[in-house]
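*Asks:* Mind looking at a prediction? Sequence and model below.
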Amino acid sequence: MSFEDLGLSQPIAKAVAEQGYTTPTPVQEKAIPAVLDGRDLMAAAQTGTGKTAGFTLPILQQLSKGSSAQANQVRALILTPTRELAAQVAESVKTYSKHLPYIRSVVVFGGVKINPQMIQLRRGADILVATPGRLLDLYQQNAVKFKHLEVLVLDEADRMLDMGFIHDIKKILAALPAKRQNLLFSATFSDEIRTLAKGLIHNPVEFSVTPRNATANTVEQWLYPVDKKRKPALLSYLIGSNNWQQVLVFTRTKHGANRLTRQLEDNGIKAAAIHGNKSQGARTRALSEFKQGSIRVLVATDIAARGLDIDQLPQVVNFDLPNVPEDYVHRIGRTGRAGSSGQAVSLVSADEFKQLSDIERLTKKLLRREYADGFEPVHELPESNLNTRPPRPKKPKKPNAHGDNPEHRDGQRPARKGAGPKNADRNKKRGAGGNSAGRSRPPRDGAKPGGRPAKA
């Protein structure tokens, strides 16, 4: 089957062919005809299976038949959780619309100045790719309008909810016209996603092209038991002894990413860190240098797990296991993409046994263990038993005032003045009998309510 067989026009099929793609992936075979028919869609597919083309190609086809967007108006809105993923989707839109000269696309996200984005939107956007926080900022400043919106796409919807964007998403949905086409694409569908979909999707085409939370069979996975303090030395040893030239390494925290980058540099391995505290310019530059090969190791937090698209990335290393087992699937999904083979290595210390057990239960697969000579752990990692019992449901985390996430600052507004923990402590002290008005301390024995001692 060819892309033209799916109903795509010759200009779009030509742009796809120029990228070297001749046969649609399973998700594209199912998604493209449904979108062209105007149906709502709810699709679950693991990362690297061609989801982005699954919705951008038919949307471009539909929009090419109508009139161009008017000033500040948007015809198709694609929401993504991270800046990197927004940039990646926007690049795909430009690539596949190169032979459609009347399609105008714009990408907006936080971490950069808002004025240039406002100027771009004055001409209108046939396709707008956006992160939730920055989109709300632009909407509240009347820089973007949705009167003529035809299609809404929630890409990586589960990740957006994980990052605390549910309130922003609800505000955005309230601003959109009721009559529109809705498309949900995600690597996994949680119960929260299905709850959101009930009020959003109408009589959808629903499919899953892979088992839920499955890992790609093109990725070889194993782990090295190692003491926590020896992880940096083991990572440097593995990179050097195996001559790895392009390695994506995941850490649990931003501070840990910075520290590991310095340690690798001290060992003569060129590395860079990418996380939420880095400016957008620094993140873009690090990713570009990594793709070009001038940086050997890119150290990232989970903010980058869904947004990095690197052709034929050979190695992914979990320096720290993630606290959320689903993130393991997304991390290793950065390699073994589009049918290519890849390797996913995890460095696991004894105190991460719970995270390891959660991952193995989720993927229904025990990770193979190997030992590196000279790095055998003093604190042995316990043996795993495949536990297939479902874990107890966790209470959902309460987002802060604006649904912001400390790891991913997507142009969110800060919490109102006086709402922080420091002020909360101060207010608590005042209410408990401090020197401020409104104290509730009872009067001293023999004292009048006014505070003076009573005369005998």
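*Replies:* Looks like it arrived, so ask away. Residues are numbered from 1 along each chain as shown.
*Asks:* does residue 206 count as helix, strand or coil?
*Replies:* Under DSSP: H, G, I helix; E, B strand; the rest coil, residue 206 falls in the strand class.
*Asks:* 15 is where my numbering starts, stick with that
*Replies:* With the count now opening at 15, the last piece we talked about shows up as residue 220.
*Asks:* Would you confirm that it contacts residue 57?
*Replies:* Yes: using Cβ atoms under 8 Å, residue 220 makes contact with residue 57 at a distance of 7.4 Å. Using the backbone N, CA and C atoms, a C-beta is placed for each residue, glycine as well.
*Asks:* number of nearby residues for residue 307?
*Replies:* By other Cβ atoms under 10 Å, 10 other residues sit near residue 307.
*Asks:* Equivalent analysis for residue 45, please.
*Replies:* As a measure of burial, residue 45 has 29 neighbours, counting by other Cβ under 10 Å.
*Asks:* quick one: it and residue 358, what's the gap?
*Replies:* 27 Å (Cβ to Cβ, to the nearest Å).
*Asks:* before we move on, what about residue 169?
*Replies:* In terms of Cβ to Cβ, residue 169 sits 23 Å off from residue 358.
*Asks:* mind listing the helices for the stretch 215-364 of the chain?
*Replies:* Under the criterion DSSP state H, counting those that start in this stretch, helices of the stretch 215-364 of the chain are mapped to 245-255, 268-280, 294-306, 339-346.
*Asks:* need the ones you listed in CSV with distance to residue 395, can you?
*Replies:* Converted to CSV, these look like this (distance: least, Cβ to Cβ, whole Å):
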stretch, distance to residue 395
helix 245-255, 13
helix 268-280, 20
helix 294-306, 30
helix 339-346, 16
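*Asks:* Which of those sits closest to residue 154?
*Replies:* helix 294-306 (21.0 Å; Cβ to Cβ).
*Asks:* Which positions in the closest one come out as buried?
*Replies:* Buried residues in helix 294-306, counting neighbours by 16 or more other Cβ atoms under 10 Å, are found at 297-298, 300-301, 304-305.
*Asks:* on that earlier part again, and the helices of the stretch 215-364 of the chain: which comes nearest residue 163?
*Replies:* Once the helices of the stretch 215-364 of the chain are compared by Cβ to Cβ, helix 294-306 is nearest, at 26.4 Å.
*Asks:* and the angle from the closest one to helix 268-280?
*Replies:* 50 degrees (axes from the mean of the first three to the mean of the last three Cα atoms, to 10 degrees).
*Asks:* picking that back up, out of the helices of the stretch 215-364 of the chain, deepest packed?
*Replies:* Mean neighbour counts were taken over these using mean count of other Cβ atoms under 10 Å, and the top value, a mean of 24, falls to helix 339-346.
*Asks:* so how far is it off the chain centroid?
*Replies:* 11 Å (Cα atoms, centre = their mean, to the nearest Å).
*Asks:* Show me what it is packed up against.
*Replies:* Contact analysis of helix 339-346 by 3 or more Cβ pairs under 8 Å, 6 or more residues apart in numbering; DSSP states H and E lists strand 329-332, strand 356-362, helix 367-377 as its packing neighbours.
*Asks:* Residue 79: which of these is closest?
*Replies:* Of the helices and strands packed on helix 339-346, the one closest to residue 79 (Cβ to Cβ) turns out to be strand 356-362, at 39.3 Å.
*Asks:* The closest one - contacts with which helices or strands?
*Replies:* Using 3+ Cβ pairs under 8 Å, 6+ apart, strand 356-362 sits against strand 233-239, helix 245-255, strand 329-332, helix 339-346.
*Asks:* Tell me the strands beside the first one, with direction?
*Replies:* Partner strands and pairing direction for strand 233-239 (DSSP bridges) are strand 356-362 (parallel), strand 382-383 (parallel).
*Asks:* With only the CA atoms kept, save it in PDB.
*Replies:* Extracted C-alpha coordinates of strand 233-239, given in PDB (Å, rounded to 0.1, in the frame of the first residue of the first chain):
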ATOM      1  CA  VAL A 233      15.300  -2.300  21.200                       C
ATOM      2  CA  GLU A 234      17.700  -4.600  23.100                       C
ATOM      3  CA  GLN A 235      17.400  -4.000  26.800                       C
ATOM      4  CA  TRP A 236      19.600  -5.000  29.800                       C
ATOM      5  CA  LEU A 237      20.800  -3.600  33.100                       C
ATOM      6  CA  TYR A 238      24.000  -3.400  35.100                       C
ATOM      7  CA  PRO A 239      23.700  -3.700  38.900                       C
END
